[in-house]
Each structure stands twice: as structure tokens, then as C-alpha cells.
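> can't give you the sequence, but here's the structure:
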């Protein structure tokens, strides 16, 4: 493809990332457009909790979907190359399997045990990072017989990472469509075995899961990817998920003998502060100031607790107000509380 055509398609991708799409639509649409300039036989994309880096929703094309549990076990439970968490912390958030293994794909357990049996070859992974926070991940696969990803193709994916990450970050605070769905009563509990198969599920959990971004998977007997990822990840852990209704939900995992318990309940404000503040593009310093303002701290208290000058406090607050589109502490608190509460 000619350079001018590639540039037009990349510019189109960046425009769509700024279009205010919800996370699911954005991920699906951008992957489709990206494959016009970086061909691939299969793709996987997911949103992540920026605090824990556990998946909160995902879309996996065949033949990847049926192997979801195997991929999650590899991602969160085993050592391998190009793990998403590692890419999220790296100077370069994009990497290919062939380059990570020096061309010997068998060095990767993920390739040996999952991808090769599926007929897949090279793999191009990206952590979608902006402002030092990861908001999603992306993976493109080629068939075993196809050439691996070139340096030029890797560079193209690297170029769209900031725009796609910013789009996913914006989607976290976007207003969901109006809904009349009532919140379930009580806390839900799901028990899974070590292979991430459902052992039991309370009626409350079944109700809560219908609100998950990929809750439709239940129709095929599959749990939302966020539940599986939470169970596959470090135990105990907490994952924050924004439901389709706009409600924020929390998954808490614990080990119950040979089984893993996943509690599903409304997220508490204390569990959401860092996510919501980061979603508005705040720096770490601005996040610290905003978090204390929301708790009612005065400027003098901020100076004492953060060991910064009053002028620096005011500079951070001005930046926070601009990013939230407010003009006072009272308005800031009101906006954050509205985000925390969701509908109902």
C-alpha cells in the first residue's frame, strides 16, 4: 500500500479514536481499520483496569475465543515473552513474538501450547498506554505459514497506540445510554475451579453479570472475561468494571480451598477514585491533590500533607478544574460523585 494511503488510514483511525465511541465499539472498529494497513488472520482486544491491569472486557475472534481460559492462564499465571503487564511498563509498549524470541517461537510457552495448535504463527502485542496508565490491550495474529510482522508494521501499530489509549480512557467516563434496569439485591458469588470452570453461581451473581460489557457470553455458557481474568490473576485481587448501565461494579477474588471465589458487588467510592481521576487525564501529582480535595481537605492541609507550596496546590487545582470542565471545588466533588454513583 502506498505511503499516502497508509497515512490517510492512520489519520482516519486517530479521528475515530476521538469520536466519543464506547469502549466495545471503539476496540472492534479500530481493530478492523488497523488490519487494512497491518493484515492479520485473527485479533484480540480488551479493556483493562488501569490499577491491576486485569481485563474488564474483551473481544476475541476465532480461533482465539475457545482458548480464552488457556490464554488467561498464560497471561496471568505463567512466565512468557511480551506479557501485557510488562509491555505496559516498558519504554516501548509494542512487541512481536518473532522479535522477542529471536525467531524461535518455541521459546514461548504461549506459542507452543496454545498458538501453534491453533495454526497461528507470529503475534503482535500492544499495551494501550497514555499518561503512564494502561487502558487496554491489543493483539494481532498471523497464520503459521504467513510471514511475521515487519518493523514497518510494528511501527504503524506503535503510532496508533496513544490515540486508541486516549479513546478508551475517555470511554470510561462517557455517559451510557439511559437504562431502566434495576440493580440486583445483594452480593453475588461465583465459584470456579482451577481450570476456570464454573462450579456454582448465586442468583444475585447471574443478575449482576447481565450488566457486564460482555455479559452476553452467558448465553453461550461463558462467563464475562473480567470474571475469568480476575480468577486467573493474583488472588486476592479487585477489578473495577463499568457495567452497560453505567454502574461501577467490583470483583473481589479469594481462594476457597481448591476453588476460587469471585464476589460481585457495587464498587465503593474508595475503590474508584484512582480510576476515575486517571480517566480524566490527571497526572500523578494532580491525582493526589484532587483525591484530597474530594475528601474535603483545605489548601493548608494539602500543603502540609503533600509537602508542596500553596502556589503549587493552586496550579494543580487549576489543571484539575480544566480537565474536569469545572470552576470550583464544589463542582469537582459533584462531578466525581455523579461518576461514582452511576444510575439508580
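That came through fine. Only a predicted model underlies this, so the values are computations on that prediction, with no experimental measurement involved.

> so how far does stretch 31-40 reach from one end to the other?
10 Å (CA to CA, to the nearest Å).

> what's the offset of that stretch from the middle of its chain?
Relative to its parent chain, stretch 31-40 has a centroid offset of 20 Å by CA atoms, centre = their mean, to the nearest Å.

> pull out the buried residues from it.
31, 33, 34, 37, 38, 40 (16 or more other CB atoms under 10 Å). C-beta: built from backbone N, CA, C; applies to glycine.

> which residues are contacting that stretch?
Identification of contacts with stretch 31-40 by CB atoms under 8 Å, 6 or more residues apart in numbering yields 1, 6, 9-10, 12-13, 16, 43, 45, 59, 124, 138, 140-142, 149, 153, 156-157, 160.

> do stretch 280-299 as well
With contact meaning CB under 8 Å, 6+ apart, stretch 280-299 is reached by 131-132, 169, 173, 273-274, 277-278, 301-302, 305-306, 310, 313-314, 316-317, 319-320, 323-324, 329, 332-333, 336.

> show me which positions of that stretch end up buried.
Using 16+ other CB under 10 Å as the test for burial, stretch 280-299 gives 280-283, 286-294, 297.

> ok, now stretch 119-135?
In terms of neighbour count (16+ other CB under 10 Å), stretch 119-135 has its buried residues at 120-131, 133-135.

> and the strand or helix carrying residue 322, how far out from the chain middle?
Residue 322 is located in helix 310-324, with elements delineated by DSSP states H and E. Distance, stretch centre to chain centre, for helix 310-324: 27 Å (CA atoms, centre = their mean).

> that one: what's the following helix or strand?
Once helix 310-324 ends, the next helix or strand along the chain (criterion: DSSP H and E) is helix 329-341.

> any idea which helix is longest in this protein?
Identified as the longest helix of the chain according to DSSP state H is helix 151-173.

> could I get the buried residue list for that helix?
Going by 16+ other CB under 10 Å, helix 151-173 has these buried residues: 153-154, 156-157, 160-172.

> any idea of the angle that helix forms with helix 329-341?
Angle of helix 151-173 versus helix 329-341, following axes from the mean of the first three to the mean of the last three CA atoms, to 10 degrees, is 100 degrees.

> mind checking how far helix 151-173 is from the chain centre?
Taking CA atoms, centre = their mean, one finds the center of helix 151-173 at 13 Å from the center of the full chain.

> that one - what's its average pLDDT?
Summarised as a single mean, pLDDT over helix 151-173 is 95.

> where does pLDDT dip in the stretch 1-150 of the chain?
Within the stretch 1-150 of the chain, the segments meeting pLDDT under 70 span 1-2.

> now do the domain split for the protein, please.
Listed by automatic domain parsing, the domain ranges of the chain are 3-170, 188-267, 270-341.

> any of the contacts of stretch 31-40 buried? List them.
6, 9-10, 13, 16, 43, 45, 59, 124, 138, 140-142, 149, 153, 156-157, 160.

> inside strands: which ones of those?
Under the assignment DSSP state E, those contribute 43, 45, 59, 124, 138, 140, 141, 142 to strands.

> can you give me the strands in the chain?
Under the criterion DSSP E, the chain contains strands at 42-48, 55-60, 94-96, 120-130, 133-143, 188-192, 198-201, 237-242, 248-256, 259-266.

> so what secondary structure elements neighbour the shortest one?
Translated: strand 94-96. If you count contacts as 3 or more CB pairs under 8 Å, 6 or more residues apart in numbering; DSSP states H and E, strand 94-96 packs onto strand 120-130, helix 151-173.

> reformat those as TSV; add distance to residue 235.
Shown next, in TSV, are these (distance: least, CB to CB, whole Å):
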stretch	distance to residue 235
strand 120-130	23
helix 151-173	25
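
> of those, which is nearest residue 50?
helix 151-173 (8.2 Å; CB to CB).

> packing partners for the closest one?
If you count contacts as 3+ CB pairs under 8 Å, 6+ apart, helix 151-173 packs onto helix 3-17, helix 23-34, strand 94-96, strand 120-130, strand 133-143, helix 269-279.

> nearest spatial neighbour of residue 252, chain-adjacent residues omitted?
In this structure, residue 252 finds its nearest non-sequential neighbour in residue 263, 4.4 Å apart by CB to CB, 6 or more residues apart in numbering.

> against residue 204, how distant is the one you found?
10 Å (CB to CB, to the nearest Å).

> how close does residue 334 get to residue 269?
14 Å.

> next up, the contacts around the residue lying farthest from the centre of the chain.
What lies farthest from the middle of the chain is residue 300; by CA atoms, centre = their mean that is 36.4 Å. Contacts for residue 300 were tallied using CB under 8 Å, 6+ apart; they are residue 310.

> state the distance from residue 194 to residue 257.
In this view, residue 194 and residue 257 are 11 Å apart by CB to CB.
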